Structures are given as C-alpha cells and as structure tokens.
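In: below are the sequence and a predicted model; questions follow.
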Amino acid sequence: MIGEDTSLTSAEQEFLSACIETLEQEVFVDQLDAEHFQELDRNEESRADWEEYVSRMGSHDFAGITVPEEYNGAGGTVVETVLAEQAIGYCGTIVHACQTSLTQHVGRTLYEHGNDHLTETYLAPMLEGELIVSQAYTEPSSGTDLAHLETTADKDGDEWVVNGQKRFIDFARYGDFYFLPCRTSGADGDREGVSLLVVDGDAHGIEFLESQSDWHGFRGTAAAWMEFDDVRVPEENLVGEEGAAWSYITDELNLEHLTVARYCLGASQRALEIAANYTENRVVNERPTSRYQAVNHSVAEMATKLDAAYLLNTRAARILDERGISAGRMEGAMAKWYGNDLAHEIADTCIQLVGGIGTTTSYPIERIQRDVRAGRFLGGASEVMKSVVQHDAYRVLEDEEFDGSYVGNELEGLPWLDGRTRTEGPDHD
Ligand SMILES: Cc1cc2nc3c(=O)[nH]c(=O)nc-3n(C[C@H](O)[C@H](O)[C@H](O)COP(=O)(O)OP(=O)(O)OC[C@H]3O[C@@H](n4cnc5c(N)ncnc54)[C@H](O)[C@@H]3O)c2cc1C
C-alpha cells in the first residue's frame, strides 16, 4: 500500500512487516540471494535451490497458511495468506511466490478433502518444507476450459491408470508430486466425472515431451510439457470423492485468484519503488524527470490504482475468511482481473519512466514486467474473470422499478417534439 491501509488490523499490518523482514533477512540470502534471481531468469536454477527455498518457507511458516498447525500449516487466515504472497512477490520473484502459492491452495484442498494417507504423506511434509509441489492442470486442448480436459484415469484393481498430456507445468521436473485433475467418468465437457489425483513425481510412465522454460518470463521452474503414459497411481491417492472434484477445483481457484493477483501486485510495487526513485535522480534538461508533470502524474496514477487493487484483494480475502473458501466469487474475480492487469500495466509504465536502461538487467523492472504478464491468464484469464463479475454484477445492478419500455423511446413526450417520437421523426430521404 502507498497510502494508509485501514482495511488491515494492526496485527495484520505487523504480520506483513514481519513477513518482509523474515524474507529479506532469512530467506532471500546466501544461496537464494539476488544473484539467484538472475540465475532463475536465465534458467540456471537447480533442484537444490528449490529444495532450499521450500525448506526455508516451511520453517518460517509461509507454507499452507490457512491449514491447521497439526498438518504443519500456520493455522492462519486468508488475509494473512495474501499478505504473505504479496511480501514474497515484493522481496523475491514471482516464481518463488508461485511455489508457495501452490502450498496455499493445493494445501487447502488436500486439507479439506484429502484422506489420512494424503494428509500424512503429502500435505504435512509439503507444509514442513520437505516436498516440492507441481500443479498439473493445463492440457494442450484445455487451458482456461478445464472441463474439456482429456487426461483420463481408469480403475484397474486398486490402482488408477492415468493417460494424457499436461503442458506449461511449473516445477514439472522438480515436483515431488503432481496435483492432477483427470476424467474418471462422464462425457467431454461434463463437470461431473472430473477427479483429482496425487501422482508421485517418480512414478513410472511420466515423460517430458518438451522443456518450456525458455519463455517470456516466469523462468527457473523447469516447466515442461508432460505425458502420462499408463501411470499407475494407488487408489488412496484420490482426493475426496471420485468424479466430484469440480467443486474442489473451483474452490481452490477461488483462493488462487487472490494469491496470484496479490504476488503480482507485490512485484509491481517493487518496480514502482525503483521507478519513482529513478525519476527523482535522473536529470533531463537540467531537472529530475520527477519534476515533469507527465511523469509524476503517472506515478500518482500507479500509486492510486495499486492501493485500489490491494483493497479489492483484501476485501475478497476477508469474505473467504468470514464465509468460507467458496464465497465471494464476484469480489475475487474483480480482484483477480484488476490486480493482474494492473500489475502488468504498472511494470510496463515503470519501464517507460526509466527509459532504455529499464529494458536491461541493470534494474529488475524488465524481469518483473515479463514475469507478471502471465498473471493475466494464469489461474483464470481476465476475460473469464470479467464474465464472472458481469454475471453477479447484473443481478446487483438490476432495478425492478426501471422502466424498460422507455428505452429507445426517450424522445417520446418531449413538449418541443410536438407529439412526435424518434420513430415518427421527419423523413430525411
Ligand atoms: C508462465 C506460465 C506458467 C504456467 N504454469 C502452469 C502450471 O504450473 N500448471 C498448469 O496447469 N498450467 C500452467 N500454465 C498454463 C496456464 O494456466 C494457461 O496458459 C491458462 O490457463 C490459459 O490456458 P491456455 O494457455 O490454454 O489458453 P486458452 O484457454 O486457449 O485461452 C487463451 C485466451 O483466450 C481467451 N479466452 C479463453 N476463454 C475465454 C472465455 N471463456 N471468455 C473470454 N475469453 C476467453 C483469453 O484471452 C485467454 O487468455 C502456465 C502458463 C504460463 C504462461
């Protein structure tokens, strides 16, 4: 926040400050310092780096914040979750925030729906910082449109046999387990019949068809296009009820919408700080560029919009805290599209204010601009979020008193028209 944040309690504000302090002093140091950020961007990271990262996050209680402590979560709130994600995006990188975000929403789903085997074998170790998680949702023919997923799992004795492909999967090569939706019954496009499986990273039959690391931003996660070829999964690795995972997934996405938007905003705040400081020091025509109104108004607009986005996000998080993980779909969708579009707008505007040097690695702004770009469709495209908003917004905006018959006939009855209506107007032919 640039202005005072009256939407947070003083305990929540202290939590955010404590997160930033811990991240700066104990997490993003040594092996995980600023040089490591550049290595990630060059795809020169290692599994050891990610093991160290998740270990530090587990030991500092950043993983699975809303999950109770008995499963190694922090027993905290959704508001704390988004504040922690903001802090990671601000202090670290988007990909660090992404791996921890997975522990928040995958962790929550495992806690809500996982059996004892899943919570003991995967959830608790993940939140302790011992396991790297990978979310394998997107397929070549279904990204946004998850209900048309083509990956199948068929029951064979006491095992599921998984076949299909997943692409753009972060942490594909490092994942100790994959959180994987698949079709176990029903027809293409049905929401019923979708199940969630936890698949071990070293399961036989997993192949990496293509490395997808060298992309626009969001690098250093060893992302890949994967094939699951007769991969056998123990039946106890089914999350919740067979064929009933659609609601688990939409609930999970409801939380993910907030974390993805919040960590991208945290990163864009870092870019804004750098750009604002730069403009106070960069002299053009004998005055700092911050003295040009076009520049300082641009900073004013970004500061204002950033605060608006944080407030939207906190409001949605609080609704989830008060009314459960399924609540606040419209408010969450507002926070997601506005937050993610804005994070990209801010990072891009910051490059503009800094000029040519902003496109180099001298400052992290250009990396942030590339990193946050994917946030506009990751976990829910802005267009889809707006569709969710309009659906509920129309209901709220609806006024039964509104006279629809007047629409299109607004000129009717106006005295100076002498009884004519628009349709009866003068013939201009
Ligand atoms: C950096 C990065 C990291 C990723 N990490 C992961 C990961 O770890 N795990 C994973 O499972 N996936 C991951 N993905 C995939 C990501 O989730 C998908 O790219 C995203 O869901 C969109 O799917 P798609 O690319 O197939 O695009 P499509 O679904 O084909 O959509 C393309 C565009 O069409 C438009 N559109 C689609 N549907 C609608 C609609 N209903 N209304 C209006 N417009 C619409 C939007 O403009 C959208 O951006 C990652 C992608 C990137 C780029």
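Out: Ah, there it is.
In: where does this protein have low pLDDT?
Out: 417-429 (pLDDT under 70).
In: interface residues of it facing the ligand?
Out: 135-138, 143-145, 168-170, 218, 374, 377-378, 381, 383-384, 387 (CB under 6 Å from any ligand atom). Where C-beta positions appear, they are placed from N, C-alpha and C, glycine not excepted.
In: buried stuff in stretch 297-313?
Out: 298-299, 302-303, 305-307, 309-313 (16 or more other CB atoms under 10 Å).
In: contacts only, for W225.
Out: W225 sits next to 140, 165-169, 208-210, 212 when contact means CB atoms under 8 Å, 6 or more residues apart in numbering.
In: repeat that for 10 Å
Out: Applying CB atoms under 10 Å, 6 or more residues apart in numbering, we find W225 in contact with 138-140, 165-169, 172, 207-212.
In: do R367 as well
Out: Per CB under 10 Å, 6+ apart, neighbours of R367: 37-38, 40-41, 93-94, 217-219, 267, 271, 347, 361.
In: only whichever of the residues you listed are buried, select them in ChimeraX.
Out: Restricted to buried positions by 16+ other CB under 10 Å, the ChimeraX selection for the contacts of R367 reads:
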select :37,40,41,93,94,217,218,219,267,271,347
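In: hey, which helix is longest across this protein?
Out: helix 245-281 (DSSP state H).
In: just how off-centre is that one within its chain?
Out: Averaging C-alpha positions (CA atoms, centre = their mean, to the nearest Å) puts helix 245-281 7 Å from its chain's average.
In: quick one: buried residues of that helix?
Out: 245-246, 248-249, 251-272, 274-276, 278-279.
In: any idea how far the closest residue to the ligand within the chain lies from F377?
Out: The minimum distance from the chain to the ligand, using CB to the nearest ligand atom, falls at G143 (1.9 Å). For G143, the distance to F377 equals 8 Å [CB to CB, to the nearest Å].
In: what's the answer for R42, then?
Out: Taken as CB to CB, the span from R42 to F377 is 24 Å.
In: quick one: buried ones out of the contacts of W225?
Out: 138-139, 165-169, 172, 212.
In: identify those among those that sit within strands.
Out: 165-169 (DSSP state E).
In: most widely separated two among those?
Out: Largest separation among those by CB to CB: Q165 and F168, giving 11.0 Å.
In: give me the common contacts of those two.
Out: 136, 138-140, 225-226.
In: pick out the residue nearest the middle of the protein.
Out: The residue lying closest to the centre of the chain (CA atoms, centre = their mean) is V260, at 1.9 Å.
In: now do the buried residues in stretch 71-82.
Out: Applying 16+ other CB under 10 Å to stretch 71-82 flags 71-74, 76-82 as buried.
In: now the residues you listed in a markdown table, please, with extra columns for secondary structure.
Out: Converted to a markdown table, these look like this (DSSP: H, G, I helix; E, B strand; the rest coil):
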| residue | secondary structure |
| --- | --- |
| Y71 | helix |
| N72 | coil |
| G73 | coil |
| A74 | coil |
| G76 | coil |
| T77 | coil |
| V78 | helix |
| V79 | helix |
| E80 | helix |
| T81 | helix |
| V82 | helix |
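In: how about the contacts made by V396?
Out: So V396 contacts M330 (CB under 10 Å, 6+ apart).
In: could you say what helices and strands the helix or strand where E39 lies packs with?
Out: Assigned by DSSP states H and E, E39 belongs to helix 34-41. Contacts defined by 3 or more CB pairs under 10 Å, 6 or more residues apart in numbering; DSSP states H and E place helix 34-41 against helix 47-59, helix 94-113, helix 365-373.
In: got the angle for it vs helix 365-373?
Out: Counting by axes from the mean of the first three to the mean of the last three CA atoms, to 10 degrees, helix 34-41 lies at 50 degrees to helix 365-373.
In: distance from helix 34-41 to the middle of the chain?
Out: Centre to centre, stretch against its chain (CA atoms, centre = their mean), the figure for helix 34-41 is 21 Å.
In: over to stretch 274-286?
Out: 32 Å.
In: swap in stretch 320-328?
Out: Using CA atoms, centre = their mean, the offset of stretch 320-328 from its chain centre is 17 Å.
In: mind listing what's buried along it?
Out: Using 16+ other CB under 10 Å as the test for burial, stretch 320-328 gives 320-321, 325, 328.
In: span of that stretch from start to end?
Out: Stretch 320-328 has an end-to-end distance of 7 Å (criterion: CA to CA, to the nearest Å).
In: what's in contact with it?
Out: 66, 76-82, 105, 108-109, 112, 247-248, 250-252, 254-255, 257-258, 315-319, 331-332, 334-335.
In: next SSE after the one helix or strand W225 maps to?
Out: If you go by DSSP H and E, W225 is part of strand 224-234. Next helix or strand after strand 224-234 toward the C-terminus (DSSP H and E): strand 238-239.
In: which helices and strands does that next one pack with?
Out: helix 94-113, helix 116-118, strand 177-183, strand 194-200, helix 245-281.
In: that strand pairs with which strands, parallel or anti?
Out: strand 194-200 (antiparallel) (DSSP bridges).
In: could you check the angle the strand it pairs with makes with strand 224-234?
Out: Using the same axes, to 10 degrees: strand 194-200 against strand 224-234 is 90 degrees.
In: off-centre distance for strand 194-200?
Out: 21 Å.
In: ok, stretch 330-346 next?
Out: For stretch 330-346, the distance to the chain centre is 10 Å (CA atoms, centre = their mean).
In: the chain should start at 57 in everything you say after this.
Out: Sure, I'll start counting at 57 from here, so that last one is stretch 386-402.
In: you'd agree L434 is up against F224?
Out: Yes. Assessed by CB atoms under 10 Å, L434 is found in contact with F224 at 9.1 Å.
In: quickly list what's touching both of those two.
Out: Taking CB under 10 Å, 6+ apart as the contact rule, the neighbours common to L434 and F224 are 194, 199, 274.
In: which among these gets closest to N465?
Out: G199 (45.0 Å).
In: quick one: residues contacting that closest one.
Out: So G199 contacts 193, 205, 223-224, 433-434, 437 (CB under 10 Å, 6+ apart).
In: likewise for A317?
Out: Taking CB under 10 Å, 6+ apart as the test, what A317 contacts is 138, 141-142, 145, 365-366, 368-369, 372, 388, 390-399, 428, 431-432, 434-436, 441.
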